[in-house]
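Novice: no sequence for this one, just the structure:
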Ligand code: ASP
Ligand code: MG
């Protein structure tokens with residue numbers, strides 16, 4: 001028999017009726033003889049409400065008390081799911097992060113998971129009991145409740161799967177799997193039956209919202225096979241893990257060499273949460289980049305794309321970079337404060353930009369992916385403001401007004417449109 005970790009997000013546990021549906025998925029896997037641990041989020045909207053209350057109480061609040069408040073949503077859903085499972089005749093008990101414990105570091109609000117104790121979970125598996133575990137939370141070295149950052153229950157699930165050596169971690173969500181791009185924007189987007197860890201990591205960090213980036217990182221490091229699938233499918237018509245018909249529900253995130261028909265490009269991601277800042281005519285001499293990015297780093301602002309032009313007049317150059325939109329105003333004022341060290345002629349910026357990325361491990365062995373991209377966008381009159389690349393992705397920054405046109409154009413260009 002297999003060992004599974006099933007994770008259900010906020011929309012899948014939004015009310016008691018949906019929790020009953022979740023319990024039926026759990027029962028199906030349990031009845032097939034598998035060891036089952038379930039990780040759940042808070043009911044949809046709950047965490048937002050809790051966050052809002054902490055802000056209302058005080059804009060500047062103790063991060064440890066913030067965690068005490070926002071971790072509360074998951075306590076409700078683990079209890080409700082355990083009650084529902086028991087009513088269906090499935091032995092189950094709820095586990096808060098500290099009861100296992102799931103140990104984390106002390107970065108309250110954005111904690112990283114360290115050790116997870118598995119002795120008690122293993123004992124309960126042997127007794128044929130389902131473990132219903134609160135996602136998003138852990139126990140810090142200060143003996144206080146910590147949380148892992150928004151969307152963190154994906155990471156809880158993968159961490160538990162790695163710790164108990166699960167055969168698969170199923171992430172149940174409100175979509176059918178991972179798509180070539182957002183199907184709400186491109187109706188011909190297709191579900192990917194498989195995607196490589198590295199590609200999924202890029203997709204998640206470049207804007208696809210289906211999994212928390214850190215959960216993919218953790219799955220890749222520990223070799224946990226991840227399956228992204230829909231919780232809204234009828235639980236009773238599906239086959240349990242390991243039985244015929246269960247080979248590829250949703251999307252399997254796995255090693256590159258487990259994918260037979262690897263495409264050159266697997267997906268197009270886009271992110272609207274970056275803003276652009278340009279320093280005009282900064283001196284073209286050593287130390288200038290340090291005087292720009294040093295103060296930003298000290299302010300805890302992450303810089304993503306950076307473009308520096310060759311100097312036209314031999315003495316000054318323009319420098320453009322991007323920062324998270326939420327840090328835009330702060331970044332502008334950090335730069336203004338450092339004006340005396342940087343000596344720029346003008347400072348401009350815009351939040352009306354979008355980063356569009358083309359992703360695929362096949363790029364490693366195929367030339368010309370970028371050239372094709374730039375040509376297609378030029379053909380549509382879309383101006384590229386910045387570019388960054390890695391071995392398996394090309395990202396461009398463009399005017400936000402062209403988002404849809406760019407994504408559709410690239411989706412067709414690399415043959416990702418569903419043929420009907
Ligand atoms: N409930 C938490 C949040 O909304 C964790 C999660 O759902 O993954 O961020
Ligand atoms: Mg989520």
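Specialist: Sure thing, it's come through. Just so you know, these numbers come straight off a predicted model, no measurement behind them. Ligands and ions are numbered 1, 2, ... in the order given.
Novice: quick one, grab the pLDDT at residue 247.
Specialist: Confidence at residue 247, expressed as pLDDT, is 61.
Novice: pull out the buried residues from the worst-scoring helix or strand of the chain on mean pLDDT.
Specialist: Ranked by mean pLDDT, DSSP states H and E, the weakest helix or strand in the chain is strand 306-308, scoring a mean of 89. Buried residues in strand 306-308, counting neighbours by 16 or more other Cβ atoms under 10 Å, are found at 307, 308. Glycine gets a C-beta too; all of them are placed from N, C-alpha and C.
Novice: that one: partners in the sheet, and parallel or antiparallel?
Specialist: Here strand 306-308 has these sheet partners by DSSP bridges: strand 316-324 (antiparallel).
Novice: so how far is the partner strand from its chain's centroid?
Specialist: 26 Å (Cα atoms, centre = their mean, to the nearest Å).
Novice: nearest residue to residue 115 in space, please, no chain neighbours.
Specialist: Computed as Cβ to Cβ, 6 or more residues apart in numbering, the closest residue to residue 115 that is not its neighbour in sequence is residue 103, at 4.6 Å.
Novice: the residue of the stretch 201-350 of the chain found nearest ligand 1: neighbour count?
Specialist: Closest residue of the stretch 201-350 of the chain to ligand 1, Cβ to the nearest ligand atom: residue 212 (6.8 Å). Residues near residue 212, counting by other Cβ atoms under 10 Å, number 24.
Novice: likewise residue 260?
Specialist: Look at residue 260: counted by other Cβ under 10 Å, it has 7 neighbours.
Novice: look at it and report its pLDDT.
Specialist: pLDDT for residue 260: 82.
Novice: mind checking the SS state of it?
Specialist: Per DSSP: H, G, I helix; E, B strand; the rest coil, the local secondary structure of residue 260 is coil.
Novice: what helices or strands is the helix or strand harbouring residue 217 leaning on?
Specialist: Assigning secondary structure by DSSP states H and E places residue 217 in helix 213-222. Packing partners of helix 213-222 (3 or more Cβ pairs under 8 Å, 6 or more residues apart in numbering; DSSP states H and E): helix 153-163, helix 197-205, strand 226-230.
Novice: the shortest one: partners in the sheet, and parallel or antiparallel?
Specialist: Pairing partners of strand 226-230, with direction, according to DSSP bridges: strand 168-173 (parallel), strand 251-254 (antiparallel).
Novice: return the distance of it from the chain's centre.
Specialist: 14 Å.
Novice: how about that strand, does it reach ligand 1?
Specialist: No - Strand 226-230 is not in contact with ligand 1 by Cβ under 6 Å from any ligand atom; minimum separation 13.8 Å.
Novice: could you list the residues in contact with that strand?
Specialist: Strand 226-230 has contacts (Cβ atoms under 8 Å, 6 or more residues apart in numbering) with 158, 168-178, 200, 210-211, 215-216, 219, 249-254.
Novice: over to the spatially most central residue of the chain: give its phi and psi.
Specialist: Centroid-nearest residue in the chain: residue 212, 2.5 Å away (criterion: Cα atoms, centre = their mean). Here is the backbone geometry of residue 212 (degrees, to the nearest 10): phi -70, psi 130.
Novice: who in the stretch 51-200 of the chain is up against ligand 2?
Specialist: Counting by Cβ under 5 Å from the ion, the stretch 51-200 of the chain comes close to ligand 2 at residue 151.
Novice: could you list the low-pLDDT ranges of the stretch 51-200 of the chain?
Specialist: Nowhere does the stretch 51-200 of the chain drop to pLDDT under 70.
Novice: and the residue of it closest to ligand 2?
Specialist: Residue nearest to ligand 2 within the stretch 51-200 of the chain: residue 151 (4.3 Å; Cβ to the ion).
Novice: give the helix, strand or coil label for that residue.
Specialist: Using three-state DSSP, the structure places residue 151 in coil.
Novice: ok so, going back, in CSV, list the helices and strands packed on helix 213-222 along with mean neighbour count.
Specialist: Rendered in CSV, the data for the helices and strands packed on helix 213-222 read as follows (neighbours: other Cβ atoms under 10 Å):
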stretch, mean neighbour count
helix 153-163, 28
helix 197-205, 24
strand 226-230, 23
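Novice: nearest to residue 258, out of the ones you listed?
Specialist: Counting by Cβ to Cβ, residue 258 lies closest to helix 197-205 out of the helices and strands packed on helix 213-222; the figure is 10.1 Å.
Novice: ok, and what's touching that closest one?
Specialist: Residues from elsewhere that reach helix 197-205, judged by Cβ under 8 Å, 6+ apart: 178, 195, 210-213, 216-217, 219-220, 226, 253-256, 266-267, 269, 357, 359-361, 390, 392-393.
Novice: quick one: buried ones out of those?
Specialist: 178, 195, 210-213, 216-217, 219-220, 226, 253-254, 256, 266-267, 269, 357, 359-361, 392-393.
Novice: quick one: the nearest residue to residue 345 once chain neighbours are set aside from ligand 2, how far?
Specialist: Once flanking residues are discounted, residue 345 sits nearest to residue 281: 3.8 Å by Cβ to Cβ, 6+ apart. From residue 281 across to ligand 2, the span is 44 Å (Cβ to the ion, to the nearest Å).
Novice: ok, residue 281 - contacts?
Specialist: Residue 281 makes contacts with 316, 317, 318, 344, 345, 346, as judged by Cβ under 8 Å, 6+ apart.
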